[in-house]
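Engineer: coords please:
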Amino acid sequence: MPAKSRVLFVCIANAARSQLAEALLRHTDSEHFEAYSAGSAPTQVDPRTIAALAHLGIDTTGLRSKSIDEFKLGEFDYVITLCDKSAYECEPLPISGERLAWDFEDPVTSEKHDAFRHTLHEIHERIKMFVLVKNKR
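Structural biologist: Reported below is the predicted structural model:
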């Protein structure tokens, strides 16, 4: 069996979007992908992130806010930034792999009703497409 593709999701605080993406990719296709997340200025996982994932029955075990510094020498097949600011900040990092820039509104600062569930759904749709495309290679 070929090795799993390693994917690193990056946003600023590693509190919501990248945590959602990490858990969603593990949930969607842990057979082919290893998912990780980090932030350029990590804080802590927002409790609403955990609640949104739990609402869909997605495992949140082991989710914690991590600094991109933990992964600076890491070998990744894909590094996916989840906001324009993190895409800019991660540009000079010595992390290998194909870089993808996705831009999602931060549910922590959003004033939309049910922002976390909305962001969870948007990221999940993008991850399902990512898995579909990357598994065809």
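Engineer: mind exporting the strand or helix carrying residue 23 as CSV, just the C-alpha atoms?
Structural biologist: With elements delineated by DSSP states H and E, residue 23 resides in helix 17-29, which encompasses its position. Output in CSV follows, covering the C-alpha atoms of helix 17-29 (Å, rounded to 0.1, in the frame of the first residue of the first chain):
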residue,chain,number,x,y,z
ARG,A,17,-10.6,26.9,10.3
SER,A,18,-7.4,24.7,10.3
GLN,A,19,-8.8,22.6,13.2
LEU,A,20,-12.0,22.0,11.2
ALA,A,21,-10.0,21.1,8.1
GLU,A,22,-7.7,18.7,10.1
ALA,A,23,-10.6,16.9,11.7
LEU,A,24,-12.7,16.8,8.4
LEU,A,25,-9.9,15.4,6.3
ARG,A,26,-9.2,12.7,9.0
HIS,A,27,-13.0,11.9,9.0
THR,A,28,-13.3,12.0,5.2
ASP,A,29,-10.3,9.9,4.1
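Engineer: what packs against that helix?
Structural biologist: In terms of contacts (3 or more Cβ pairs under 8 Å, 6 or more residues apart in numbering; DSSP states H and E), helix 17-29 is packed against strand 5-11, strand 33-39, helix 47-55, helix 115-134. No exception for glycine: its C-beta is placed from N, CA and C like everyone else's.
Engineer: closest one to residue 69 among those?
Structural biologist: With Cβ to Cβ as the measure, strand 33-39 is the member of these nearest residue 69 (8.1 Å).
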